[in-house]
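> sequence isn't available, so here's the structure alone:
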């Protein structure tokens, strides 16, 4: 069975600080996908990244970066120079590679509050 | 940019009533999904749908739930006799199939269901 653990329930940081959101996953599959989604107060799910299990390269997109470590089954997300607009709930998710069937297993989310 | 659209954005209903939530997936996508998020909790997979039939469903998706693609564009979730615990945000999603790879999962903005 797949499982995603986001141990940090809530994090608060002062604006412009860097913050890392942790994600640890469990799966028996050798091929899988990892995701991060942002859920702002308005409630929609905003896609941030999708990473194939064979691609362990870290990725940077503007102020966002992701560290994928297969050895520790972790896929952590860092926001550099945080801004108030980053305040949201962030979900990590996992899906097995099942020919087009994106059945995602979500973590419980981390509520990030950026204090101005 | 193509998007998944959902209606209604919010529906209030009495316990025991039937509810239909509607979704228009992205036009060239072949896989369709419903996910649910009870307030303050994680997002949970309900069902996936491919080639006019259910591909996979979770234990949440009992006989009270059904899905349908009544025409070439809409994808619906029906709850036959709503219960208080069905109150949640329901997200529709779709993905394309790209060779042997799963495509990116696009979520709609959600339909909030309140059962009184």
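Okay, I see it. Every value quoted in this text rests on a predicted model; they were computed, and no experiment measured them.
> these two touch, right, residue A:10 and residue A:113?
Yes. Contact status for residue A:10 versus residue A:113: in contact at 7.1 Å, counting by CB atoms under 8 Å. Where you see a C-beta, it was placed from the backbone N, CA and C, and this is true even at glycine.
> between the two, who's got more neighbours?
residue A:113 (13 against 10; other CB atoms under 10 Å in any protein chain shown).
> and the closest residue to that one other than its chain neighbours, what's its pLDDT?
Spatial nearest neighbour of residue A:113, chain neighbours left out: residue A:12 (4.4 Å); criterion: CB to CB, 6 or more residues apart in numbering or on different chains. With respect to pLDDT, residue A:12 scores 97.
> residues of chain B that sit close to chain A?
B:30-31, B:33, B:35, B:41-45, B:48, B:50, B:55-56, B:89, B:91, B:93, B:95-97, B:100-110, B:112 (CB under 8 Å from any CB of the partner chain).
> now those residues: which count as buried?
For the residues of chain B next to chain A, a neighbour count by 16 or more other CB atoms under 10 Å in any protein chain shown gives the buried set as B:31, B:33, B:35, B:42-45, B:48, B:50, B:55, B:89, B:91, B:93, B:95-97, B:102-103, B:105-110, B:112.
> which residues does residue A:102 contact?
By CB atoms under 8 Å, 6 or more residues apart in numbering or on different chains, the contact list for residue A:102 reads A:33, A:95, B:31, B:33, B:48, B:93, B:95, B:102-103, B:105.
> remind me which helix or strand it belongs to.
Under DSSP states H and E, no helix or strand contains residue A:102.
> out of the contacts of residue A:102, name the ones that lie in strands.
Residues of those located in strands (DSSP state E): A:33, A:95, B:31, B:33, B:48, B:93, B:95, B:102.
> how much space between residue A:95 and chain B?
7 Å (CB to the nearest CB, to the nearest Å).
> who does residue 68 bridge with?
Looking at chain A here, since you left the chain open. According to DSSP bridges, the residues that bridge with residue A:68 are residue A:75.
> meant chain B, my bad for not saying
residue B:76.
> hey, which helix or strand in chain B has the poorest pLDDT?
Lowest mean confidence among the helices and strands of chain B (mean pLDDT, DSSP states H and E): strand B:101-102, at a mean of 56.
> I'd like the next helix or strand past it.
Downstream of strand B:101-102, the first helix or strand assigned by DSSP H and E is strand B:106-107.
> let me see the ranges of the strands in chain B.
Secondary structure of chain B (DSSP E): strands at B:5-7, B:10-13, B:19-24, B:31-37, B:43-50, B:53-57, B:65-68, B:75-79, B:88-95, B:97-98, B:101-102, B:106-107, B:111-115.
> tabulate the ones you listed (a markdown table), appending distance to residue A:91.
Formatted as a markdown table, the strands of chain B follow (distance: least, CB to CB, whole Å):
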| stretch | distance to residue A:91 |
| --- | --- |
| strand B:5-7 | 18 |
| strand B:10-13 | 22 |
| strand B:19-24 | 20 |
| strand B:31-37 | 9 |
| strand B:43-50 | 6 |
| strand B:53-57 | 20 |
| strand B:65-68 | 23 |
| strand B:75-79 | 21 |
| strand B:88-95 | 11 |
| strand B:97-98 | 24 |
| strand B:101-102 | 18 |
| strand B:106-107 | 11 |
| strand B:111-115 | 18 |
